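S.K.: following is a predicted model, sequence given first.
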Amino acid sequence: MAESAGNGCAVHCAAEGTASMPSNTTTDGSAHVRRVRSVVHGRLNAGSRDPHRGEQPGRDQYSRDQYSRDQYSSITRSWVRCLHEYRLDPGSRGEPQVVDPAELRERQERLAGVQAVAKVEMANLYQQLAGSGYAIVLTDAEGVLLNYFGDPGFTHAASRSGLMQGAVWSERAQGTNGMGTCLVERRPVTVHQDEHYLSRHIGLSCAGAPIFDHHGEVVAALDASGESRLAQQHTLALVSMSVQMIENRVFLDQFRHDYILRFHNRPEFIGTLSEGAIALSPEGKVLAATRYALFQLGIARPADIVGRDIVGIFNSSFAGLVDSTVRRAFHAVPIFHIKTGARFYGVMLPPVAPPAGHRGAGRSELKPALFAEQAAASPLDALHAGDAAMVANVRTAKRTLERNVALLLRGETGTGKELFARAVHRSGPRADKPFVAINCAALPEPLIESELFGYRAGAFTGASKDGARGKLLQANGGTLFLDEIGDMPVTLQARLLRVLEEREVQPLGSETPVPLDIRVISATHCDLPQKIAEGHFREDLYYRLQGLTILLPPLRERTDRRELILRIAREEVEAGSAIELDVPLLAFLERQRWPGNLRQLRHLLRAMLALRDDDVLTLHDLPAEYRAASAATIGTEAPPAGDLNPLENAERKALIEELQRHSWNISIVARRLNMSRNTLYRKVQRLNIQNPEKALH
Ligand SMILES: Nc1ncnc2c1ncn2[C@@H]1O[C@H](COP(=O)(O)OP(=O)(O)OP(=O)(O)O)[C@@H](O)[C@H]1O
């Protein structure tokens with residue numbers, strides 16, 4: 001296998017940072033073809049020894065154990081299929097087959113549900129792999145490339161190699177490759193450089209994983225393909241995790257109108273990738289289960305669980321599970337697997353819109369964040385809960401989505417300027433292109449220029465010998481977010497203005513300008529007109545950046561503060577726990593000045609949740625620096641019953657029923673609800689519950 005180390009098909013970065021794919025492998029191609037034939041023959045004749053095992057020069061950065069026998073066997077099996085079943089010529093240079101636009105649209109529509117979820121995960125994966133030259137690709141079950149997230153510098157090279165929408169990457173069409181081979185093997189595979197069957201692909205390194213639906217059918221493949229010379233085992237792990245996330249989210253979305261039991265043998269793992277989820281009919285019959293649910297219960301095929309009654313699987317009745325989760329405010333409850341006796345923890349989620357005739361199970365205030373997100377019509381709508389200024393801001397921003405209008409976001413620190421910019425990006429037509437943020441205040445002045453504009457190899461002393469592409473070009477096709485624009489040195493302002501006017505960038509030390517298509521969103525907390533008056537900011541740049549100005553209100557002025565506090569608390573609550581904020585604390589938080597705005601609020605809630613004594617947060621949980629301010633409020637914790645909101649009233653009613661059922665014995669009720677006596681006492685006081693006959697005992 002020595003060829004793989006020095007096969008000469010390394011991908012080079014051209015001067016402007018454009019990667020070039022080895023489209024022609026004449027010298028090495030013939031060696032590759034000879035090798036493929038001899039390996040396949042060796043495999044067929046010698047049988048046992050897998051030629052794809054053994055020392056791999058240049059591969060020592062990942063574990064040989066992980067890069068296991070299975071992996072090599074996958075490649076060899078695939079080569080055998082390519083040569084003998086598909087009768088592919090390893091030296092074939094034919095153009096990749098591309099389906100016509102109508103067929104592509106039809107295939108995309110067929111997989112719309114998966115695509116919608118996958119796009120978000122692809123963007124996350126792309127960010128995680130940013131800078132390593134990977135393109136993230138989604139194909140359907142036939143290997144037709146539906147979506148592509150690519151490094152702009154890699155896009156051109158990639159399209160030459162066939163990584164473009166509509167291209168068919170099935171194993172039959174393109175030989176051994178990440179997408180096609182994982183679809184056939186039904187498992188994640190890495191196909192590194194000369195493990196590709198066709199010599200025209202040996203410049204690529206791919207990590208692909210199949211996406212399954214709840215019937216256990218492969219419906220798509222997610223793949224990271226790049227020019228990296230070093231196969232990276234962690235890339236395959238990241239791709240597999242993204243696939244797991246996509247499968248879980250698709251499942252939760254598909255069955256949102258049904259009951260869903262989410263479970264794990266550790267309560268803190270509910271809501272994570274490795275949770276199991278089972279969808280149930282209102283009668284408690286299993287409709288479907290995720291791969292992890294089957295895995296945790298030791299069930300081989302979905303057909304072995306669908307249609308079964310949940311009572312035959314766990315030791316709890318369906319109604320009991322619904323009731324106990326709701327009573328415990330969506331806190332995980334212990335459930336036992338009847339077959340093995342293993343203990344799990346489960347949370348039963350009620351249908352998003354309960355089917356008519358079935359009792360709605362209600363929601364706790366701190367319901368899982370996922371549902372808040374799902375409820376919002378777009379990422380922009382998720383930024384507010386009805387504050388008039390924010391409603392107007394969102395409306396304005398939406399009107400600019402289809403047009404390339406420069407936005408200037410103004411607002412105090414922590415008001416959510418970057419979040420707003422990201423939401424604009426994710427809502428618009430550039431959503432699947434890069435969002436690149438640069439903080440003009442955080443960069444040392446000498447670095448800003450190269451960081452923004454990039455440089456050519458050897459442009460200055462200390463420059464990387466490969467050059468660098470600069471943030472402007474990294475954002476090409478997408479959105480550039482210039483944070484703290486008021487702090488950009490005046491000298492650079494002129495250069496930025498020129499780039500924005502001329503829509504092209506000339507990296508340092510380069511003669512050739514590169515065309516630029518970006519949407520610019522900038523943000524500042526300072527008064528730019530004041531800076532202009534003082535000569536610290538160029539007026540012409542100011543007008544270029546503020547096609548439209550959006551002023552984000554400080555938290556203290558927002559009328560949706562209460563909902564925001566609850567929403568952020570929900571986001572910060574660890575999966576599987578159910579936390580409540582009591583009313584005096586909520587009122588206190590609503591009254592704060594919040595100089596650090598939403599950032600300060602989030603940090604405070606995060607700290608309180610981490611340090612809490614039990615599951616009800618009160619004024620006593622405030623850190624010392626806030627406690628002095630709250631001293632006057634402590635001691636007035638029990639609100640009149642009339643002040644309770646509808647959820648609290650529902651909780652009060654349920655608790656009174658439970659207390660009555662157990663003759664107001666607080667120890668028994670606390671045990672049944674799995675909470676301490678103290679917590680129950682506090683709840684009873686907070687909800688203004690009184691035993692009509694005798695004192696609580
Ligand atoms: N609408 C919102 N809902 C929930 N959290 C938010 C919202 N807006 C901002 N945050 C949170 O506030 C914090 C700060 O947000 P962001 O960085 O966008 O603010 P910023 O105004 O750009 O800050 P700065 O100007 O100091 O850089 C983040 O933790 C973010 O999650």
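M.R.: Everything's here; your move. Numbering: from 1, shown residues only.

S.K.: in the stretch 451-600 of the chain, which spans are helices?
M.R.: Using DSSP state H, counting those that start in this stretch, the helices of the stretch 451-600 of the chain run over 470-474, 490-502, 528-533, 539-545, 561-572, 583-591, 597-611.

S.K.: buried stuff in the fourth one?
M.R.: This points to helix 539-545. 541-542, 544-545 (16 or more other Cβ atoms under 10 Å). From N, CA and C alone the C-beta is placed, and that goes for glycine too.

S.K.: got a markdown table for the residues you listed, with distance to the ligand too?
M.R.: Listed next are these as a markdown table, based on distance: Cβ to the nearest ligand atom, whole Å:
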| residue | distance to the ligand |
| --- | --- |
| L541 | 19 |
| Y542 | 18 |
| R544 | 21 |
| L545 | 16 |
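
S.K.: chain center to stretch 115-135, what's the gap?
M.R.: 9 Å (Cα atoms, centre = their mean, to the nearest Å).

S.K.: what about it, average pLDDT?
M.R.: Averaged over stretch 115-135, pLDDT sits at 79.

S.K.: any buried residues in it, and which?
M.R.: Neighbour-count burial for stretch 115-135 [16+ other Cβ under 10 Å]: 115, 117-123, 125-126, 128-129, 133-135.

S.K.: need the helices of the stretch 451-600 of the chain in TSV with mean pLDDT, can you?
M.R.: Formatted as TSV, the helices of the stretch 451-600 of the chain follow (pLDDT from 0 to 100):
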stretch	mean pLDDT
helix 470-474	88
helix 490-502	87
helix 528-533	89
helix 539-545	92
helix 561-572	87
helix 583-591	84
helix 597-611	90
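
S.K.: kindly compare burial across these and name the winner.
M.R.: helix 470-474 (a mean of 23; mean count of other Cβ atoms under 10 Å).

S.K.: just checking, what packs against it?
M.R.: Judged by 3 or more Cβ pairs under 8 Å, 6 or more residues apart in numbering; DSSP states H and E, the packing partners of helix 470-474 are helix 152-161, strand 435-439, helix 445-453, strand 504-505.

S.K.: coming back round to it: would you format the helices of the stretch 451-600 of the chain as TSV with distance to A277 included?
M.R.: TSV is the format used below for the helices of the stretch 451-600 of the chain (distance: least, Cβ to Cβ, whole Å):
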stretch	distance to A277
helix 470-474	37
helix 490-502	48
helix 528-533	50
helix 539-545	46
helix 561-572	19
helix 583-591	31
helix 597-611	25
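
S.K.: leaving out chain neighbours, which residue sits closest to L104?
M.R.: Closest residue in space to L104, ignoring its immediate chain neighbours: G166 at 4.5 Å, by Cβ to Cβ, 6 or more residues apart in numbering.

S.K.: measure that neighbour to the ligand for me?
M.R.: 37 Å (Cβ to the nearest ligand atom, to the nearest Å).

S.K.: what residue spans form the domains of this structure?
M.R.: 2-228, 255-363, 388-552 (automatic domain parsing).

S.K.: how far does the second one sit from its chain's centre?
M.R.: To tie it back to what came earlier, the one meant is domain 255-363. 24 Å.

S.K.: same question for that domain, mean pLDDT?
M.R.: 81.

S.K.: return the helix or strand in the protein with minimum mean pLDDT.
M.R.: Here the helix or strand of the chain ranked lowest by mean pLDDT, DSSP states H and E is strand 12-13, holding a mean of 22.
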